[in-house]
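Enquirer: Turn this into a structure:
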Amino acid sequence: MVTSRTHVDTGISQVTTLLAAATGDARAAATPCDEWTVAGLTDHLVHTAGQLVTMARGEEVDWSTSPQSVDDPMPLWTERTDELLAVIDGGSPLPLGMVAAELSVHAWDLATALGRATDDFDQAVAEEGMAFMSANLTDERRVGAFYPEQPAPAGANAYERLAAFAGRTVERSNPSP
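Expert: Residues are numbered from 1 along each chain as shown. A predicted model of the protein is given here:
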């Protein structure tokens, strides 16, 4: 499966919608990632968007750097994702499946923290992220970034299956109204 630029754009749009909802008291909420609150996850997403731009340009990325804390992630998120799409459109060899995986796992994380299901998300984005991760995420590569794969619940959608593959404990959500 080859990830398309359209699916990356859709993944960004889905995360943007979630980030816009992650305001006020919701920023202090826990996420499925033990080490992050919603605020920490939004900081990570903004930071990762910048790191992906660096990778897309063919430059070396230092994944050990910590994200800066931002009260309003939207301006920087928009700037970085617009830049990412422009670099991709310019012919970057960045694996788009990797981008889809990053967006999809964290879309599930953020949606779950905000009490929202992912059934109405574009499932093809997470399916493409899963194709990339299942081909590239070895046990050795999980160390420090992902926990061991967990079982996905019966009837899980693509986001839930991907989250379980990435080591999240997933319960089947009910579709969003």
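Enquirer: so how far does stretch 153-168 reach from one end to the other?
Expert: Counting by CA to CA, to the nearest Å, the length from the leading to the trailing residue of stretch 153-168 is 12 Å.
Enquirer: Which strand or helix spans Ala20?
Expert: helix 5-21 (DSSP states H and E).
Enquirer: helices or strands up against the helix or strand just after that helix?
Expert: Beyond helix 5-21 in the direction of the C-terminus, DSSP H and E gives the next helix or strand as helix 38-56. Using 3 or more CB pairs under 8 Å, 6 or more residues apart in numbering; DSSP states H and E, the elements in contact with helix 38-56 are helix 5-21, helix 74-89, helix 96-113. For every residue, glycine as well, the C-beta is placed using N, CA and C.
Enquirer: switch the cut-off to 6 Å
Expert: Helix 38-56 sits against helix 74-89, helix 96-113, with contacts defined as 3 or more CB pairs under 6 Å, 6 or more residues apart in numbering; DSSP states H and E.
Enquirer: any idea of the mean pLDDT for the last one?
Expert: Summarised as a single mean, pLDDT over helix 96-113 is 96.
Enquirer: Counting neighbours, which bits of stretch 114-122 end up buried?
Expert: Along stretch 114-122, the positions that meet the burial threshold by neighbour count (16 or more other CB atoms under 10 Å) are 116-119, 121-122.
Enquirer: Save the helices and strands packed on helix 38-56 as a markdown table, and put in mean neighbour count and distance to Ala135 too.
Expert: Compiled in a markdown table, these are given as follows (neighbours: other CB atoms under 10 Å; distance: least, CB to CB, whole Å):
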| stretch | mean neighbour count | distance to Ala135 |
| --- | --- | --- |
| helix 74-89 | 17 | 20 |
| helix 96-113 | 25 | 8 |
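Enquirer: Out of those, which is closest to Thr17?
Expert: With CB to CB as the measure, helix 96-113 is the member of the helices and strands packed on helix 38-56 nearest Thr17 (9.1 Å).
Enquirer: helix or strand right after that closest one?
Expert: If you walk from helix 96-113 toward the C-terminus, the next helix or strand you reach (DSSP H and E) is helix 123-136.
Enquirer: Kindly export that following helix (C-alpha atoms) in CSV.
Expert: Extracted C-alpha coordinates of helix 123-136, given in CSV (Å, rounded to 0.1, in the frame of the first residue of the first chain):
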residue,chain,number,x,y,z
GLN,A,123,-9.9,4.7,8.2
ALA,A,124,-7.6,4.6,5.1
VAL,A,125,-5.1,6.9,6.9
ALA,A,126,-4.7,4.6,9.8
GLU,A,127,-4.6,1.5,7.5
GLU,A,128,-1.7,3.1,5.6
GLY,A,129,0.0,3.9,8.9
MET,A,130,-0.5,0.3,10.0
ALA,A,131,1.0,-1.0,6.7
PHE,A,132,4.1,1.2,7.3
MET,A,133,4.4,0.3,11.0
SER,A,134,3.9,-3.4,10.5
ALA,A,135,6.6,-3.5,7.8
ASN,A,136,9.1,-1.3,9.8
